[in-house]
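Asks: just the structure for this:
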Amino acid sequence: MATAPAGGSSRYLVLAAMIFAVAMTFIDQTIVSIAVPNIQYELKLTSTGVQWAVNAYLLTLAAFFAFGGRLADTVGHRRMVVLGVLVFAGASACCGLTPTGSLAEAWLITFRAVQGFGGAIMFPAALAIVVQSFALRERGRALALFFGIAGGLTAIGPVLGGYLTEWTWRAIFWVNLPVAAVALVLVAISKPVTEIRPAPMDYRGLALIAGGVALSVFGFQQSQVWGWSNPAIGLCIAAGVVLLVVFVLVEKRTASPLIQVDIFRIRAFSVQNLVLGISMLVFVPVFFFSSEYAQIALGDSSSEAGVFLLYFFIGFVIASQIGGRMLDRGGAKRPVVIGCVLAAVGFHLWAGDVTSLSFGEQQWDVVLAGAGMGFMLSPASTDAVNRASRLSYGEATGITQTVRNYAAGLGLAVLGTVLVTDLRTRLTDSLVAQGLPHDQAEATAAHLSQVQTQSGGSGGAAAVPQFFREDFAHATQTVFHWMAAIMAVAALVAIVGLRRGVQAEVAAEDQDQEQPLPSGREGGA
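Replies: Residues are numbered from 1 along each chain as shown. Okay, here's the model as predicted:
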């Protein structure tokens, strides 16, 4: 039988505990982006190296989310939240202790990956606890609070991170430690009660999905370094795709699979995951690229760049609350479609103003883009999990978050390639116009596109030549136009694929028939 929703104030105490638990994962999606130029400058990393510091986190999240969801269902959601918080906090402390010198890049990327693993075993368990604590008709509002407040804490991240970075970039990782302490105290007080559904662990499936995710994104990420003419790029991407296809085929024949791929036969679940996957190509990368734009093209300090991103979250947090209430009243289609359209328009307008090198001309574009993403992300995520009622919520959450984070990692890799390629072309033209021979201009442009960003955020506008600032702004414009097009595709998928109406509650007896595995209870006093 399904666990009865918690009652009264206790469920909101549980909600608060889970918000603080996952807040670290949200904060780290933006706070690290603010510090990118400073991290590059102090550790002497290339643009590709620091992108891997961001992407290692996203890739590990994507590779292990399904594992985290299944593990939480097997050993208990509350236990996995506590373990995930401890792993995440420990890895954060180690990131802050990154040594300078030859070990720096490998150290930082390794512990960013460990952070991702901690988030992967924590987040599905936390979201499953929230879902099981609220009845279906209240779930949209509860998860709007969950994502909205967590998003609000994320909005604080860039501002706080900006000021912390001016002291030391290492503090952006150490700030997770007090957040983790609050989360553990609230979990101990609220004592959430959830189901345990023991099942064998599918390590074969885990190896296939982890390898497929890593290789496919690695190929796109390295294309800007090795070049598309290098056959290793195509081999990496092809091998990753093949592993993911084999994963699906193997899962269909596995008695207790890591992911029950047959769940994608549910139309609404498949469509919502497709919408989420498309939109996440944009959602996380926008923090990285807009932060670099603010510090390089605008010459802002890291704290000023944090305020830049705050405008995005003003729109995001407000719109996510409206979208959650629209989901409860009339279903997911309207807020998802509206959100995708608003985001597409917002990114298009933002692209048009980004070359002005004036934040005043962009601020409402930023708010509109953030509002569009807030409008659609929470309803799409909530509706996807609700549609998967035949599965445990931990497993269903693991599926949706795997899709989201794989797409985010892929988006960062692909759009990063777009940015660097466009920037190299523009820099080459600018250097040729200044009198350099074409071959020398190409070599200089390739070097500048990798290392010049190290001066952003540390030396400000004076450290970056004017022609580089303008070329970087135009390259960012190209990226934002891509983002607008991607969100337009997401809107089209939602319009065609989603159906109107509020989802009906699934009868308890139907859930019992669809969930035959033995279950237990976790938590309590």
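
Asks: shaky segments in the stretch 51-200 of the chain?
Replies: Scanning the stretch 51-200 of the chain for pLDDT under 70 picks out 136, 139-140, 144, 147-148, 150-159, 194-196.

Asks: show me where it has its helices.
Replies: In the stretch 51-200 of the chain, the helices defined using DSSP state H, counting those that start in this stretch lie at 77-96, 104-133, 136-167, 171-174, 176-190.

Asks: helix/strand/coil for Asp300?
Replies: Assigned by DSSP: H, G, I helix; E, B strand; the rest coil, the conformation of Asp300 is coil.

Asks: and the gap between it and Gly352?
Replies: Noted for Asp300: a distance of 20 Å to Gly352, by CB to CB, to the nearest Å. Just so you know, the C-beta spots here come from the backbone N, C-alpha and C atoms, and that holds for glycine as well.

Asks: neighbour count: these two, which is higher?
Replies: Remark: of Asp300 and Gly352, Asp300 carries more neighbours, 22 against 16, as counted by other CB atoms under 10 Å.

Asks: can you show me the strands along the stretch 151-300 of the chain?
Replies: Remark: strands assigned in the stretch 151-300 of the chain by DSSP state E, counting those that start in this stretch are 194-196.

Asks: ranking the helices of the stretch 51-200 of the chain by burial, who's on top?
Replies: helix 104-133 (a mean of 25; mean count of other CB atoms under 10 Å).

Asks: dump the helices of the stretch 51-200 of the chain to CSV, plus distance to Ala17.
Replies: Below are the helices of the stretch 51-200 of the chain laid out as CSV (distance: least, CB to CB, whole Å):
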stretch, distance to Ala17
helix 77-96, 8
helix 104-133, 8
helix 136-167, 11
helix 171-174, 22
helix 176-190, 4
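
Asks: among those, which comes closest to Leu410?
Replies: helix 104-133 (14.9 Å; CB to CB).

Asks: distance from the chain centre to the closest one, please.
Replies: 11 Å (CA atoms, centre = their mean, to the nearest Å).

Asks: and the angle from it to helix 77-96?
Replies: 160 degrees (axes from the mean of the first three to the mean of the last three CA atoms, to 10 degrees).

Asks: what angle sits between helix 104-133 and helix 176-190?
Replies: Angle, helix 104-133 to helix 176-190, by the same axes, to 10 degrees: 20 degrees.

Asks: ok, which of the helices of the stretch 51-200 of the chain comes nearest Phe20?
Replies: Using CB to CB, these put helix 176-190 closest to Phe20, at 3.9 Å.

Asks: pull the residues that contact that closest one.
Replies: Residues outside helix 176-190 that contact it (CB atoms under 8 Å, 6 or more residues apart in numbering) are 10, 13-14, 16-17, 20-21, 23-24, 27-28, 78, 81-82, 85-86, 88-89, 92-93.

Asks: again, but for stretch 276-284
Replies: Applying CB under 8 Å, 6+ apart, the contact partners of stretch 276-284 are 29, 58, 340, 343, 347, 373, 376-377, 380-381, 384, 400, 403-408, 410-412, 414-415, 483, 486-487, 489-490, 493.

Asks: so how far is it off the chain centroid?
Replies: 8 Å.

Asks: dump it to PDB, restricted to CA.
Replies: Output of stretch 276-284 as PDB, limited to C-alpha atoms (Å, rounded to 0.1, in the frame of the first residue of the first chain):
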ATOM      1  CA  LEU A 276      12.300  18.500 -19.600                       C
ATOM      2  CA  GLY A 277      15.200  17.100 -21.600                       C
ATOM      3  CA  ILE A 278      15.000  19.800 -24.300                       C
ATOM      4  CA  SER A 279      14.600  22.700 -21.800                       C
ATOM      5  CA  MET A 280      17.500  21.500 -19.600                       C
ATOM      6  CA  LEU A 281      19.800  21.900 -22.600                       C
ATOM      7  CA  VAL A 282      19.300  25.600 -21.700                       C
ATOM      8  CA  PHE A 283      18.500  25.900 -18.000                       C
ATOM      9  CA  VAL A 284      21.900  25.100 -16.400                       C
END
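
Asks: compare the helices of the stretch 51-200 of the chain and give me the one nearest Phe264.
Replies: Once the helices of the stretch 51-200 of the chain are compared by CB to CB, helix 104-133 is nearest, at 17.6 Å.

Asks: show me what that closest one is packed against.
Replies: Helix 104-133 sits against helix 8-43, helix 47-75, helix 77-96, helix 136-167, strand 194-196, helix 393-433, with contacts defined as 3 or more CB pairs under 8 Å, 6 or more residues apart in numbering; DSSP states H and E.

Asks: mean confidence (pLDDT) on stretch 437-449, please.
Replies: The average pLDDT within stretch 437-449 is 79.

Asks: re the thing from before, export the helices and strands packed on helix 104-133 to a markdown table and tack on distance to Ala445?
Replies: Shown next, in a markdown table, are those (distance: least, CB to CB, whole Å):
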| stretch | distance to Ala445 |
| --- | --- |
| helix 8-43 | 18 |
| helix 47-75 | 13 |
| helix 77-96 | 32 |
| helix 136-167 | 28 |
| strand 194-196 | 55 |
| helix 393-433 | 4 |
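
Asks: any low-confidence regions in the stretch 351-500 of the chain?
Replies: 388-398, 449-463.

Asks: that one: helices as residue ranges?
Replies: Going by DSSP H, counting those that start in this stretch, the stretch 351-500 of the chain shows helices at 363-387, 393-433, 438-451, 466-497.

Asks: deepest of these, which one?
Replies: Burial of the helices of the stretch 351-500 of the chain is given as mean neighbour count (mean count of other CB under 10 Å); helix 363-387 ranks first at a mean of 26.

Asks: ok, Gln51 touching Gln221?
Replies: Yes: at 6.7 Å, Gln51 counts as touching Gln221 under the criterion of CB atoms under 8 Å.

Asks: so what sits against both of these two?
Replies: Residues touching both Gln51 and Gln221 (CB under 8 Å, 6+ apart): Leu412, Ala413, Gly416.

Asks: residue contacts, the last one?
Replies: For Gly416, the contacting residues are Gln51, Gln221, Gln224, Pro285, Phe288, taking CB under 8 Å, 6+ apart as the criterion.

Asks: just the buried ones from those?
Replies: Buried members of the contacts of Gly416, counted by 16 or more other CB atoms under 10 Å: Gln51, Gln221, Gln224, Pro285, Phe288.
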